[in-house]
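Trainee: coordinates only, no sequence provided:
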């Protein structure tokens, strides 16, 4: 009897993260998830700015996630509980205790989704066995909140999802598969974030199935002068104000009528 391909998901614990975890766990039986718990006030995870604009932004994040994912996650909460190995506090993902439990679990592949940065020693112990779900298109947009920064920079063509191998640098590993967001004319950063979570399920499922049959595949790199890294410390009140101004001026509606293609990586046939 053929052995099942077992994955282990290391994930943030927002509703969209739970949605992705449930979908992947149901697709790959016998797999598990470890959740890294976000602060109760999720704005604290993303920004030190305590302005009302930042706080309202993250209230909208929660509103849209409930709209998109609450029913599904609530329906599957018992299943998810059974498949959850344990939960950890934000920032504790690199501890020896967590590492040893992951090693004992012995997954074929580890999938990261919105966790703290994994340290070099962790990565070296699971070489070529860790992939990341990145909410952005690398190498063009790397780091945190990439699909918000594309709005701010008026570069919506770089909005999307990338699945890539993890190395010691930020979103620098070889790319396995990526896709641009297909915009709807009334989209905003929140609706795009939720639909990209759904897109990430499709892409990561394809990648996991591919790697189960092609374990030596190493992915590809895109070489381009456009290569930016964004940090949480960059996300402040002014960014939100500018994005809201651009949305009111019709940024998305204009792009919807003329969506641009860029160079992306697809799985090798």
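Mentor: Nice, I can see it. Everything numeric here is computed off the predicted structure, so don't read it as measured data.
Trainee: which residues in the stretch 151-269 of the chain form strands?
Mentor: 160-165, 175-180, 228-230 (DSSP state E, counting those that start in this stretch).
Trainee: contacts for the first one, please.
Mentor: Residues external to strand 160-165 that are found in contact with it (C-beta atoms under 8 Å, 6 or more residues apart in numbering): 128, 130-138, 147, 171, 173-181, 196, 199-200, 203-204, 207, 218-219, 264-265. All C-beta atoms are positioned from the backbone trio N, CA, C, and that covers glycine.
Trainee: same deal with the shortest one?
Mentor: By C-beta under 8 Å, 6+ apart, the surrounding residues in contact with strand 228-230 are 140, 141, 142, 143, 144, 145, 146, 149, 170, 171.
Trainee: chain neighbours aside, what residue packs nearest to residue 17?
Mentor: Spatial nearest neighbour of residue 17, excluding adjacent residues (C-beta to C-beta, 6 or more residues apart in numbering): residue 11 at 4.8 Å.
Trainee: hmm, I was thinking of residue 178
Mentor: Spatial nearest neighbour of residue 178, excluding adjacent residues (C-beta to C-beta, 6+ apart): residue 162 at 4.0 Å.
Trainee: against residue 224, how distant is that neighbour?
Mentor: Residue 162 sits 13 Å away from residue 224, going by C-beta to C-beta, to the nearest Å.
Trainee: okay, these two: which has more neighbours?
Mentor: Comparing residue 162 with residue 224 by other C-beta atoms under 10 Å, the one with more neighbours is residue 162, at 28 against 10.
Trainee: can you pull the pLDDT of the residue nearest to residue 239 when sequence neighbours are not counted?
Mentor: For residue 239, ignoring the flanking residues on the chain, the nearest one in space by C-beta to C-beta, 6+ apart is residue 152 at 5.5 Å. On pLDDT, residue 152 comes in at 98.
Trainee: can you select the buried ones among the contacts of strand 228-230 for me in PyMOL?
Mentor: Buried members of those can be picked out in PyMOL with the line below, counting by 16 or more other C-beta atoms under 10 Å:
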select buried, resi 140+141+142+143+144+145+146+149+171
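Trainee: show me what contacts the closest residue to residue 252 other than its chain neighbours?
Mentor: Spatial nearest neighbour of residue 252, chain neighbours left out: residue 187 (5.0 Å); criterion: C-beta to C-beta, 6+ apart. Contacts for residue 187 were tallied using C-beta under 8 Å, 6+ apart; they are 195, 252, 256.
Trainee: gap between residue 187 and residue 215?
Mentor: From residue 187 to residue 215 the distance is 37 Å (C-beta to C-beta).
Trainee: close enough to count as contact, residue 80 and residue 18?
Mentor: Yes. At 6.3 Å, residue 80 and residue 18 qualify as touching, with contact defined as C-beta atoms under 8 Å.
Trainee: more neighbours, the two?
Mentor: Taking other C-beta under 10 Å, residue 80 and residue 18 do not tie; residue 18 has more neighbours (25 against 17).
Trainee: work out for me the element the more buried one sits within.
Mentor: For residue 18, the element it lies in under DSSP states H and E is helix 15-27.
Trainee: tell me the helix or strand right after that helix.
Mentor: Following helix 15-27 toward the C-terminus (DSSP H and E): strand 32-37.
Trainee: pLDDT of that next one, averaged?
Mentor: Mean per-residue pLDDT for strand 32-37: 97.
Trainee: give me the contacts around it.
Mentor: Against strand 32-37 from outside (C-beta under 8 Å, 6+ apart): 8-13, 17-18, 21, 25, 80, 83-90, 92-93, 98, 101-102, 105, 107, 115-116.
Trainee: now with 7 Å, please.
Mentor: Applying C-beta atoms under 7 Å, 6 or more residues apart in numbering, the contact partners of strand 32-37 are 8-13, 21, 25, 83-90, 93, 105, 115-116.
Trainee: can you select the buried ones from those residues in ChimeraX?
Mentor: A single ChimeraX command selects the buried members of those (16+ other C-beta under 10 Å):
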select :8,9,10,11,12,13,21,25,83,84,85,88,93,115,116
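Trainee: quick one on the thing from earlier: roughly how far does the residue nearest to residue 252 sit from residue 250?
Mentor: Residue 187 is 12 Å from residue 250, by C-beta to C-beta.
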